[in-house]
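1. Next come a sequence and a model predicted from it.
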Amino acid sequence: MPQINPLQSASIFWGALPLLALLASCTNYQSVEMPSNLLIENVILVDGTGTDRQITDVRIVSSRIDAIGDLDHGNGEVIDGRGLVLSPGFIDTHSHHDRSLAEDPDALVLLSQGVTTIVTGQDGGSDIPIARLKESFEDSPSAVNLASYVGHGSIRREVMGSDYMRAATSTELTAMEELLNQELSTGAMGLSTGLEYDPGIYSETSEVISLAKITAEHGKRYSSHMRSEDRKLFSAIEETITIAREAGIPVHISHIKLAMRSLWGRADEVLELLYEARESGLQVTADLYPYEYWQSTMTVLFPDREFTKEAAEFALEELAPPEGILIDRYEPNPSYEGLTLAEVSQIRGMDPVTTYLALIAESRAARETGNGGRESIIGTSMYPEDISVLLKWPYTNVASDGSSTSRHPRGYGSFSKIFRKYVRETGDLTLEEAVYKMTGLVKTTLGLEERGTLEVGSVADMVLFDPDKIRDMATKEAPQALSVGVEGVWVNGIRVFEHGLSTGARPGRWIEG
């Protein structure tokens with residue numbers, strides 16, 4: 001047989017790439033993967049139901065859990081799971097990672113945390129039509145599953161255009177209802193709102209109730225970034241509960257928090273309101289990311305959209321101090337990105353209040369003239385004890401609110417941080433409770449039938465991890481560092497992550513509520 005030197009071998013390989021690319025573009029990744037016939041033995045099974053762990057064997061055949069117990073090896077692959085935990089794949093109920101899935105379908109940022117499903121279309125913003133997103137994903141799937149809400153803000157903008165800074169007319173509301181009906185019929189999980197953002201901030205409660213009623217008729221759910229997470233937090237909670245009651249719909253509060261200094265320590269009062277709502281028969285749930293800082297726009301600190309000196313002073317005293325506001329994105333002057341407001345103030349030779357108002361004015365002017373103007377900030381506003389109290393509420397699940405491109409580490413570390421901090425360091429959660437808040441609780445909240453627990457017949461979305469080593473590595477200084485401690489991830493029975501690397505498989509599926 002003739003010898004081929006390494007250079008010839010490389011030339012042959014690279015020359016074949018165009019054909020490989022053509023085949024990949026014409027082939028659904030899942031269809032070319034061999035069906036699983038796998039036994040994981042001697043593993044610590046934490047099945048997502050909240051019950052105690054057990055050491056056992058788990059067999060996967062094709063895309064599902066075939067058997068659990070003391071099992072024979074059989075003819076398939078065998079993995080020794082001794083000392084490792086096998087749990088359902090984690091479900092991110094509030095994600096913005098869809099923004100990068102097209103460029104990064106292997107989704108290492110998610111798989112390194114054990115996340116196998118993301119739910120997008122959050123904060124009132126989604127693709128319209130949802131059917132187009134669904135078709136695009138099914139044609140070119142990623143390594144993780146995808147679901148999406150339809151955004152109230154997106155529907156409102158579609159109907160009202162740029163003239164949205166007012167209440168909708170009855171004709172416009174009817175048009176929104178018709179569009180929502182269509183979107184819910186073609187793949188959306190439910191309705192999401194971003195009532196602290198344009199254009200949703202200008203909607204009346206009655207408008208949201210009308211749309212939530214349409215959503216309820218479809219048997220789906222309502223997810224809300226509430227109208228306030230600081231100044232008017234308690235009235236925003238009351239509004240959210242009112243919408244759920246009037247529409248007769250389950251409601252999920254996005255990234256629940258107390259983001260104002262004078263509110264710190266009052267998490268128990270928030271939970272009292274939510275408990276009362278549940279006791280009255282309403283299905284009220286919430287999600288949370290485990291960080292004291294959020295990410296949003298500069299204008300979110302001005303709920304009345306009145307950019308006065310007094311409003312700015314209040315924001316920088318009560319909501320986020322100048323040294324606690326990190327510029328994530330600032331198109332009018334990208335050199336500010338990665339600096340705090342305090343640092344930008346020093347550069348500009350102005351006080352922080354004047355600087356903040358000037359930055360907002362400059363970005364708005366740039367947008368109005370079509371010269372970019374997009375901006376975002378990371379603001380430190382929360383109290384660690386409140387996060388712990390809210391996390392331990394039985395109806396709070398873990399989410400990230402993250403993406404793979406921002407300077408906020410939540411996109412890279414929310415799930416793994418729970419194990420590092422709240423299981424191993426503080427003991428606020430047991431291992432079983434932590435897994436439940438990422439899996440089984442989500443299954444109930446979102447009405448998933450086949451995912452979220454590992455039982456015979458369940459879809460084999462699974463994560464295999466070391467309970468002593470799983471941890472976040474992402475920080476404000478290194479926000480895009482991958483998590484460690486996950487040994488393997490399977491999506492729909494196919495291994496997508498192995499020892500820190502992608503396998504190249506992309507068996508993710510579109511999931512409807």
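-> Thanks, I have the structure now. Numbers count the residues shown, from 1 in each chain.

2. Helices of the stretch 1-150 of the chain, residue ranges please.
-> Taking DSSP state H, counting those that start in this stretch as the test, the helices found in the stretch 1-150 of the chain are 6-26, 29-32, 98-101, 108-111, 130-139.

3. average pLDDT across the longest one?
-> Read it as helix 6-26. Averaging pLDDT along helix 6-26 yields 31.

4. again, but for stretch 111-123
-> pLDDT averaged over stretch 111-123 gives 98.

5. Buried residues of that stretch, list them for me.
-> 111-123 (16 or more other CB atoms under 10 Å). Backbone N, C-alpha and C define where each C-beta goes, glycine included.

6. Reformat those as JSON lines; add distance to residue 207.
-> Output for those, formatted as JSON lines (distance: CB to CB, whole Å):
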{"residue": "111", "distance to residue 207": "39"}
{"residue": "112", "distance to residue 207": "41"}
{"residue": "113", "distance to residue 207": "37"}
{"residue": "114", "distance to residue 207": "39"}
{"residue": "115", "distance to residue 207": "34"}
{"residue": "116", "distance to residue 207": "35"}
{"residue": "117", "distance to residue 207": "31"}
{"residue": "118", "distance to residue 207": "28"}
{"residue": "119", "distance to residue 207": "24"}
{"residue": "120", "distance to residue 207": "23"}
{"residue": "121", "distance to residue 207": "19"}
{"residue": "122", "distance to residue 207": "19"}
{"residue": "123", "distance to residue 207": "17"}
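
7. How about residue 268, nearest residue that isn't a chain neighbour?
-> Once flanking residues are discounted, residue 268 sits nearest to residue 389: 6.4 Å by CB to CB, 6 or more residues apart in numbering.

8. and the next element down the chain from the helix or strand hosting the one you found?
-> Element membership of residue 389, judged by DSSP states H and E, is helix 384-392. Once the chain leaves helix 384-392, the next helix or strand it forms, by DSSP H and E, is strand 396-398.

9. Measure how far that next one is from the centre of its chain, please.
-> Strand 396-398 sits 11 Å away from the centroid of its parent chain (CA atoms, centre = their mean, to the nearest Å).

10. Please apply the same query to stretch 163-180.
-> For stretch 163-180, the distance to the chain centre is 28 Å (CA atoms, centre = their mean).

11. what sits up against that stretch?
-> With CB atoms under 8 Å, 6 or more residues apart in numbering as the test, stretch 163-180 has contacts from 128, 150, 155-160, 191, 198-199, 202-204, 207, 210-211, 214-215.

12. so where is the protein shaky, pLDDT-wise?
-> 1-35 (pLDDT under 70).

13. need the contact list for the residue nearest the centre of it.
-> Among the residues of the chain, residue 95 comes closest to the average C-alpha position under CA atoms, centre = their mean, at 2.0 Å. Shown in contact with residue 95 (CB under 8 Å, 6+ apart): 118-120, 122, 399-403.

14. Just list the residues touching the residue lying closest to it once chain neighbours are set aside, thanks.
-> Excluding its sequence neighbours, the residue lying closest to residue 95 (CB to CB, 6+ apart) is residue 118, at 3.9 Å. For residue 118, the contact set (CB under 8 Å, 6+ apart) comprises 91-92, 95, 97-98, 110, 144-147.
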